[in-house]
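>>> need a 3D model of the following:
(4 chains)
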Protein chains: 2
Amino acid sequence: MLSKKTKYGIKALTYLARQKDKSPVQIATISKSENISLKFLESILLTLRKNDLLGSKKGKGGGYYLLHEPKDIQMTSVMRVLEGPISMVPCVSLNFYEKCDDCPDENKCAVHSLMAQLRDSSLEIFKNTTLADLCRC
Amino acid sequence: MLSKKTKYGIKALTYLARQKDKSPVQIATISKSENISLKFLESILLTLRKNDLLGSKKGKGGGYYLLHEPKDIQMTSVMRVLEGPISMVPCVSLNFYEKCDDCPDENKCAVHSLMAQLRDSSLEIFKNTTLADLCRC
DNA sequence: TAATAATCTACTAATTTTATAGGGTTTGAG
DNA sequence: CTCAAACCCTATAAAATTAGTAGATTATTA
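As a prediction, this is how the structure comes out:
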C-alpha cells in the first residue's frame, strides 16, 4: 500500500507545481486546499526540503517552493524520498541493496526474479513520469 | 515492501511445484528446506488452502499439496491472496475499489493516474507469470 | 482400537510502521 | 522590535507485521 505520507507529498508537490510564479506557499494554504493534516504535512514538506526537492523561506511571506522545474522532477526521486526503495524486496534494490538472510542463493530464488521484473517496470513508469505530467490531470 | 508472509508463501508454493509427484509434503519439511519459521509457515499454508490454492491431508502421511498445475497458477491470484490488492491505492483497485475520503474528484487526482499506470503494468507481469515460470530459476 | 502424526484453532506478544498532536525555537521582513 | 512563518523535538494511539505457545482435532496405520 502507498503510505499517506507519499500520497500527501505528491499532492503537495503538484499543488506547488501548479503555481504560476515561484513565490513561497505557506503550509496552511496547501493543507487546507488538499485536505491534509497540517502537522503531518509539515513533516512531509520538511523531508522533501531535506532531500532537495523543495526550498523554504522562513518568516513573514515565507513558505515552500519548488527548487526545480516540474518537468525536471522525475517520480523516481519523489518515490524514493517519500516511500523508500522502488523494489519490494531489498535483494533486488539498485539503490538500497541488502542480502536476504533466509536465502542461500538469490539467483535461484523465485521471488527474486519476479520482483526484479516488477522493479524494472515500475522504474520505467516512474522515470518517464515527471511532476509536470501529473499536473495535466 | 513485500511482507514476509507473501515471500514465504511464494517460496512454499514453488517448493511444492518442484515436487515430482503430488503426494502431500509436511509443513516441517518445507520449513526446514526454505528456512521459514514453522508456525508462521503453518498459518500461511492455511490461508493458501482456504483460498483454494492448496489442498491438505491430515494424519500420518499427510501434508500440503498443490490443487492445480503450476502452469495454471497465475501470480495475480497468489499475490491477491497473500499480499492483498495489486493496486497501491484502493481508488484504482479493480477488485477492492474504495473511494478516497480526501479526494473530491479522483479524475483530477495526480496520484490516481500514476497509480493506475502502475497497477496496469504490475497486473501485466503477474498475469503473465505462473508458478511454473518461477520454478525455472 | 490404540498410538501416532499431522493439520487446525485460538490466544498472546514483541516490534515496527503509520499518522498524527503539542509546544517551543529560530529566522527574516517590515 | 514585533510578528509571522518555518523549523525542530517529543510523545503517542492505532494498526500491521511477525512471530511464539498450547492444545484440539482428525486421519492413518499397526
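
>>> CA only for contacts and neighbour counts going forward, please
Will do.

>>> show me what the mean pLDDT comes to for stretch A:12-28.
Here stretch A:12-28 scores 94 as its mean pLDDT.

>>> tally of neighbours for A:K57?
14 (other Cα atoms under 10 Å in any protein chain shown).

>>> look up phi and psi at it.
Main-chain torsions, A:K57, degrees, to the nearest 10: phi -130, psi 130.

>>> I'd say it and A:Q26 touch.
No: contact criterion Cα atoms under 8 Å: A:K57 and A:Q26 do not qualify, at 9.5 Å.

>>> find the residues that touch each one of these two.
Taking Cα atoms under 8 Å, 6 or more residues apart in numbering or on different chains as the criterion, A:K57 and A:Q26 both touch A:G63, A:Y64.

>>> got a list of what the residue of chain A found nearest DNA strand D touches?
Distance from DNA strand D to each residue of chain A (Cα to the nearest atom of the strand) is smallest for A:Q26, at 3.0 Å. Taking Cα under 8 Å, 6+ apart, we find A:Q26 in contact with A:G62, A:G63, A:Y64.

>>> now list the buried members of those residues.
For the contacts of A:Q26, a burial check counting by 16 or more other Cα atoms under 10 Å in any protein chain shown picks out A:G63, A:Y64.

>>> tabulate the contacts of A:Q26 (TSV), appending secondary structure and distance to B:E83.
Output for the contacts of A:Q26, formatted as TSV (DSSP: H, G, I helix; E, B strand; the rest coil; distance: Cα to Cα, whole Å):
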residue	secondary structure	distance to B:E83
A:G62	coil	43
A:G63	strand	39
A:Y64	strand	37
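
>>> any chance of the contacts of A:Q26 in CSV, with distance to chain B too?
Shown next, in CSV, are the contacts of A:Q26 (distance: Cα to the nearest Cα, whole Å):
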residue, distance to chain B
A:G62, 26
A:G63, 22
A:Y64, 19
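
>>> between the contacts of A:Q26, which is closest to DNA strand C?
The closest of the contacts of A:Q26, once distances to DNA strand C are taken by Cα to the nearest atom of the strand, is A:G62, at 7.3 Å.

>>> surely the closest one meets A:K22?
No: counting by Cα under 8 Å, A:G62 stays clear of A:K22, with 11.7 Å between them.

>>> neighbouring contacts of the helix or strand containing A:E42?
Per DSSP states H and E, A:E42 falls inside helix A:38-50. Contacts with helix A:38-50, where a contact means Cα under 8 Å, 6+ apart, come from A:K5, A:Y8, A:G9, A:I27, A:A28, A:S31, A:L54, A:G55, A:S56, A:Y64, A:V81, A:L82.

>>> show me the two of those residues that sit farthest apart.
When Cα to Cα is used, the two most widely separated members of the contacts of helix A:38-50 are A:A28 and A:V81, lying 22.2 Å apart.

>>> which ones are touching the spatially most central residue of chain A?
The residue lying closest to the centre of chain A (Cα atoms, centre = their mean) is A:V78, at 2.4 Å. Residues in contact with A:V78 (Cα under 8 Å, 6+ apart) are A:I10, A:L53.

>>> which secondary structure element is home to it?
Using DSSP H and E, A:V78 falls in helix A:75-82.

>>> quickly check: that helix near DNA strand C or not.
No: figure legend: helix A:75-82 not in contact with DNA strand C (Cα under 7 Å from any atom of the strand); closest approach 9.3 Å.

>>> what's the average pLDDT for that helix?
On average, helix A:75-82 scores 97.
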